[in-house]
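Engineer: pasting the sequence and the predicted coordinates here, then a few questions.
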Amino acid sequence: MNTPEERLHDALRAAGEIIEAVPAFALPTPRLPRRLRRLAVFGTITALIIGGITFWSGSGDKEPLSSPALAGLVEPGEISVFLCVGRTSGNPACAHKDATAAEKEFLKQRLMSFPRVVMVEYQSQEDAFALFVKTFRDHPGLVAATKVGDIPDSFRVRLSGTGSAEPVTSALVGMPGVDQVVDESERRHN
Amino acid sequence: MNAEAVLLHHPPNESMFSELYRGHALGLTRLAFIMLGDRQTAEDVVQEAFLGLYRRWSALRERDKALAYVRSAVLNGCRSTLRRRRLPFASAMPSPSAEAEVLLDEDRREVIEALQRLPLRQREALILRYFLDLSEEEIATAMRISRGTVKSTTSRGIAALGRMIEENR
């Protein structure tokens, strides 16, 4: 690899790869001032994604979490490990910082070290946002007020067998870069 | 009804628009990142370019036209960002490829540094050719210059780059 062309090609490729992903395309919506929109939407998303509370029921009653609105966001038999996002994580342990690449890698290794863990899948903020947009496509107001980063990235973890997920979840709580750990099966049965 | 509301009621062909975004936003962001040196500005330039495409969708429905538009818009966004940085107070702005230089090995850093010393048009032509692998025709459209000019700009750029790399040996 000696010609300037070859070296340039290689150097550009390497420099470009520093950027691993791009945010989803977001159409700006001027309806509410940005800060108000953010305030309005944080509670909603946190409630939907983290708390598993149904927002659209109106009555305030809890609907089963297999409701169509949440079907795309929650898989059965899973643990979700939500990662720290500087801008939105309420957990003081996150210290308003994003989980670092090293923390994510360490968490992934730790997750895979559990014999019962059969699958660990990283869901990026872009993927989570895309899923959110797809799931709430009938609620354009909510989608318009949301952007990449409002929904944290996470590890989707699948366990084999039927025993409690507790040993895995409790090992992860409080690890660097972890915002919240949610046992999806428990949430479903509540 | 304001302009945004109109857009929401007459959105572009979503699947084609998002296919273009999925297929090209990353490459164009990388291109802008190489030109500008910081990822936030690169992302902003690309978002802005796709927003422009979104707004002009009715005129740019053909895939090739849309792609040509968005490439030109990204180049223009980079140019005006670079112009702004030459204004007073620009010293607070990140230098070109500051982030790239930290993360690249020495060989590649040398090439990127040499590239940054080339005139803007030569740099653009080389990045379009050797990073996006565009044809002469596509480069001409994106830069809004003739194919002949693409050819001469590219060959002058690569010759100058070669000399700079040689000098460092």
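Structural biologist: Received it, and whenever you're ready, just let me know what you need. In this text, all values refer to a predicted model and were calculated from it rather than measured experimentally.

Engineer: which parts of chain A sit against chain B?
Structural biologist: A:3-5, A:7-19, A:21-31, A:140, A:144 (C-beta under 8 Å from any C-beta of the partner chain). Where C-beta positions appear, they are placed from N, C-alpha and C, glycine not excepted.

Engineer: switch the cut-off to 10 Å
Structural biologist: Selection of chain A residues close to chain B by C-beta under 10 Å from any C-beta of the partner chain yields A:1-31, A:130, A:133, A:137, A:140-141, A:144.

Engineer: hmm, which of those residues are the buried ones?
Structural biologist: Among the residues of chain A next to chain B, the ones that count as buried by 16 or more other C-beta atoms under 10 Å in any protein chain shown are A:4-5, A:7-9, A:11-12, A:14-16, A:18-19, A:22-27, A:29, A:130, A:133, A:144.

Engineer: restricted to helices, list those residues.
Structural biologist: Of the positions in those, A:4-5, A:7-9, A:11-12, A:14-16, A:130, A:133, A:144 sit in helices, assigned by DSSP state H.

Engineer: from those, which two are the most distant?
Structural biologist: Spanning the widest gap among those are A:Pro4 and A:Ala144, at 47.6 Å by C-beta to C-beta.

Engineer: least confident pick among the ones in helices among the buried ones among the residues of chain A next to chain B?
Structural biologist: pLDDT across those is lowest for A:Ala144, at 75.

Engineer: surely that residue and A:Ala26 touch.
Structural biologist: Yes: the criterion here is C-beta atoms under 10 Å, and A:Ala144 meets it with A:Ala26 at 8.6 Å.

Engineer: report the set of residues contacting both of these two.
Structural biologist: Taking C-beta atoms under 10 Å, 6 or more residues apart in numbering or on different chains as the contact rule, A:Ala144 and A:Ala26 both touch A:Val133.

Engineer: let me know the closest of the ones in helices among the buried ones among the residues of chain A next to chain B to B:Glu136.
Structural biologist: Set against B:Glu136, the nearest of these by C-beta to C-beta is A:Glu5 (14.7 Å).

Engineer: pull the number of nearby residues for the closest residue to the closest one other than its chain neighbours.
Structural biologist: Distance criterion C-beta to C-beta, 6 or more residues apart in numbering or on different chains; nearest residue to A:Glu5, sequence neighbours excluded, is B:Ile158 at 6.1 Å. A count of neighbours around B:Ile158, defined by other C-beta atoms under 10 Å in any protein chain shown, yields 20.

Engineer: now name the helix or strand holding B:Ile158.
Structural biologist: Assigned by DSSP states H and E, B:Ile158 belongs to helix B:147-167.

Engineer: which strands or helices does that helix pack on?
Structural biologist: Under the contact definition 3 or more C-beta pairs under 10 Å, 6 or more residues apart in numbering or on different chains; DSSP states H and E, helix B:147-167 sits against helix A:4-16, helix B:106-116, helix B:120-130, helix B:136-143.

Engineer: any idea of the angle it forms with helix B:106-116?
Structural biologist: 130 degrees (axes from the mean of the first three to the mean of the last three C-alpha atoms, to 10 degrees).

Engineer: which residues are contacting helix B:147-167?
Structural biologist: Under C-beta under 10 Å, 6+ apart, the answer for helix B:147-167 is A:2-5, A:7-8, A:11, B:107, B:110-111, B:113-115, B:117-119, B:121-130, B:134-143, B:145-146.

Engineer: run the chain-centre distance for the helix or strand containing B:Tyr21.
Structural biologist: Assessed by DSSP H and E, B:Tyr21 sits inside helix B:14-36. Distance of helix B:14-36 from the chain centroid (C-alpha atoms, centre = their mean, to the nearest Å) equals 10 Å.

Engineer: what angle do that helix and helix B:120-130 make?
Structural biologist: 130 degrees.

Engineer: and the nearest residue to A:His9 once chain neighbours are set aside, how many neighbours?
Structural biologist: Ranked by C-beta to C-beta, 6+ apart and with sequence neighbours excluded, the top spatial neighbour of A:His9 is B:Tyr130, at 4.7 Å. Neighbours of B:Tyr130 under the rule other C-beta under 10 Å: 24.

Engineer: OK, contacts around B:Tyr130?
Structural biologist: B:Tyr130 makes contacts with A:4-13, B:115, B:154, B:157-158, B:161, as judged by C-beta under 10 Å, 6+ apart.

Engineer: nearest to B:Asp44, of those?
Structural biologist: A:Leu12 (21.0 Å).

Engineer: surely the closest one and B:Leu126 touch.
Structural biologist: Yes: counting by C-beta under 10 Å, A:Leu12 touches B:Leu126, with 8.2 Å between them.

Engineer: low-confidence ranges, chain A, go.
Structural biologist: A:1, A:27-77, A:139, A:141-142, A:186-190 (pLDDT under 70).

Engineer: what about the strands in it?
Structural biologist: With DSSP state E, the ranges of strands along chain A come out as A:78-83, A:117-123, A:154-159, A:178-183.

Engineer: tell me which strands the second one pairs with, and in which orientation.
Structural biologist: Strand A:117-123 sits in its sheet next to strand A:154-159 (antiparallel), going by DSSP bridges.

Engineer: now the angle from the strand it pairs with to strand A:178-183?
Structural biologist: Here the directions of strand A:154-159 and strand A:178-183 differ by 30 degrees (the same axes, to 10 degrees).

Engineer: thanks again, I'm all set now.
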